[in-house]
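Colleague: next one to model:
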Amino acid sequence: MPFLEHKDRMRIEEAVAAGEKRTAAEFVCVVTRASGNYLYLPTLAATAVMLSLSGIALLVPWPFRVTFTEFYLGQVLGFIGLYLLFRWRPLRHRLVPREIQRRRAGARAHQVFLDYGLAGTRNRTGVLFFVSAVEHYVEIITDRGVRAVVEDESWAQILAEFGATVDEGRIADGFVTAIEACTTILAERLPAHPGDVDELPNRLVLL
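Modeller: Below is the predicted model:
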């Protein structure tokens, strides 16, 4: 992915490895460019705009004669042009309400938590650091073994700083800072024990 270079991935993976040496938690970092393609929006937007323009065209007097066939072809070509315009990724994502983006990204994060085995560690100590770049969405999801010793509210400030850093385009910095901050808390409340096994891979997952 262009927005994360190899050196950035290595920094994140090193932070995960260093953190897991101090705590019994299992860290997994996942980043995706977008949590949804929102391909239904170009059709809806193009239809809405074309219907509005057609209605205006029927009400406003034309300075020249337009046949039914020409009017129909204009509608078809206009719809195609608008559809292609609204398919342009930057514009398409701007059409999506913020709340819908957050719900879609949140659902993706929880699905990733299950798909990548964070709910299946021996002591249920999985911690997911998730970024969905297009939606500017970050999430930290913990399994019940972590929640038993650290209440969710403890992550609020870390999550806020994580999100602010990602919003600035510094995704790797956001991951590293969040991992280090979480490690500081977990090293005290869920410290590493001799013989702990690294159950999940430390590599950054790119979706």
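
Colleague: so which elements touch the least confident helix or strand in the chain by mean pLDDT?
Modeller: None of the helices or strands of the chain scores lower by mean pLDDT, DSSP states H and E than helix 89-95, at a mean of 71. Here helix 89-95 is seen to pack against helix 40-59, helix 68-87 when contacts are counted using 3 or more Cβ pairs under 8 Å, 6 or more residues apart in numbering; DSSP states H and E. Backbone N, C-alpha and C define where each C-beta goes, glycine included.

Colleague: with respect to Gly120, which of those lies nearest?
Modeller: Nearest to Gly120 among those is helix 40-59 (33.9 Å), distances taken as Cβ to Cβ.

Colleague: let me know the pLDDT of Gln111.
Modeller: Model confidence at Gln111, given as pLDDT, is 91.

Colleague: all further residue positions should be reported with the first residue as 499.
Modeller: Fine by me, first position is 499 from now on; the one you just mentioned is Gln609.

Colleague: and the strand or helix carrying it, how far from the chain's centre?
Modeller: Here Gln609, judged by DSSP states H and E, is contained in helix 596-613. Taking Cα atoms, centre = their mean, to the nearest Å, the mean C-alpha location of helix 596-613 is offset from the chain mean by 7 Å.

Colleague: got the angle between the helix or strand just after that helix and helix 596-613?
Modeller: Sequence-wise, the next helix or strand downstream of helix 596-613 (DSSP H and E) is strand 624-630. Our comparison of strand 624-630 with helix 596-613, counting by axes from the mean of the first three to the mean of the last three Cα atoms, to 10 degrees, yields an angle of 140 degrees.

Colleague: contact partners of strand 624-630?
Modeller: When contacts are defined by Cβ atoms under 8 Å, 6 or more residues apart in numbering, strand 624-630 is touched by residues 523-533, 603, 606-607, 610-611, 614-618, 635-641, 643-644, 660, 664, 669, 672-673, 676-677, 680, 684, 698.

Colleague: hmm, try it at 7 Å
Modeller: 523-530, 532-533, 603, 606-607, 610-611, 616-617, 636-641, 644, 664, 669, 673, 676-677, 680 (Cβ atoms under 7 Å, 6 or more residues apart in numbering).
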